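1. build me a model:
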Amino acid sequence: MDYGLAASLCIVSMLVFLLLGVPIAFALGVSTVIFGSLAFGPMALQKVGQVTFTLFYNFSWTPLPLFVLMACVITETTIGEDLYKVARNWVAGIRGSLISATILGEALIAATVGVSGAAIVALGKSG
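-> Just a heads-up that it's a prediction; the model follows:
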């Protein structure tokens, strides 16, 4: 089977699965396995497993759960509110102190958590 045709049919079948209400992970997985096997043969399944294992067996993923845990701790406690108060008190005397305190507080939380999205959630909850 031509690779372009297989890719097009894979996308169409994935969209059909999604319209039928199949969860995204299963729609992607089933359509990829079917059309990958048709286009590349049975070695496609071995390649999928090998690439998945290689990507997840990497030590750079190790700190990710700890950053998520830190974000959860900051959003559920008053740490985010306290960091915002510190930033607000620090820049209270200058013009535009509200936006400056918001940016500084978000930078402090993002430096702690490692992700700016969690900082926005923590600051939005405490503000």
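
2. pop out the phi and psi values for the residue of the chain most remote from its centre.
-> For the chain, the residue at maximal distance from the C-alpha centroid (C-alpha atoms, centre = their mean) is residue 93, at 37.4 Å. When quoted as degrees, to the nearest 10, the phi and psi of residue 93 stand at phi -90, psi 0.

3. the one 5 residues further on now?
-> Main-chain dihedrals, residue 98, degrees, to the nearest 10: phi -70, psi -50.

4. which residues touch it?
-> By C-beta atoms under 8 Å, 6 or more residues apart in numbering, the contact set of residue 98 is residue 88. (Glycine included, C-beta is placed from N, CA and C.)

5. how about residue 34?
-> Each residue near residue 34 by C-beta under 8 Å, 6+ apart is listed here: 10, 13.

6. so how far is residue 13 from it?
-> Distance of residue 34 to residue 13, computed by C-beta to C-beta, to the nearest Å: 7 Å.

7. pLDDT score for the closest residue to residue 114 other than its chain neighbours?
-> Spatially, and ignoring its direct neighbours in sequence, residue 114 is nearest to residue 67 (4.3 Å; C-beta to C-beta, 6 or more residues apart in numbering). We have a pLDDT of 76 for residue 67.

8. for the host helix or strand of residue 67, the distance to its chain's centre please.
-> When elements are assigned from DSSP states H and E, residue 67 belongs to helix 64-76. Distance of helix 64-76 from the chain centroid (C-alpha atoms, centre = their mean, to the nearest Å) equals 14 Å.

9. pull it out as PDB, backbone CA atoms only.
-> This file holds the C-alpha atoms of helix 64-76, laid out as PDB (Å, rounded to 0.1, in the frame of the first residue of the first chain):
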ATOM      1  CA  LEU A  64       8.200  15.200  36.100                       C
ATOM      2  CA  PRO A  65       6.000  13.600  38.800                       C
ATOM      3  CA  LEU A  66       7.800  15.700  41.400                       C
ATOM      4  CA  PHE A  67       7.000  18.900  39.500                       C
ATOM      5  CA  VAL A  68       3.400  17.900  39.300                       C
ATOM      6  CA  LEU A  69       3.300  17.100  43.000                       C
ATOM      7  CA  MET A  70       4.800  20.500  43.800                       C
ATOM      8  CA  ALA A  71       2.200  22.200  41.600                       C
ATOM      9  CA  CYS A  72      -0.600  20.400  43.400                       C
ATOM     10  CA  VAL A  73       0.900  21.300  46.800                       C
ATOM     11  CA  ILE A  74       1.100  25.000  45.800                       C
ATOM     12  CA  THR A  75      -2.400  25.100  44.500                       C
ATOM     13  CA  GLU A  76      -3.900  23.300  47.500                       C
END
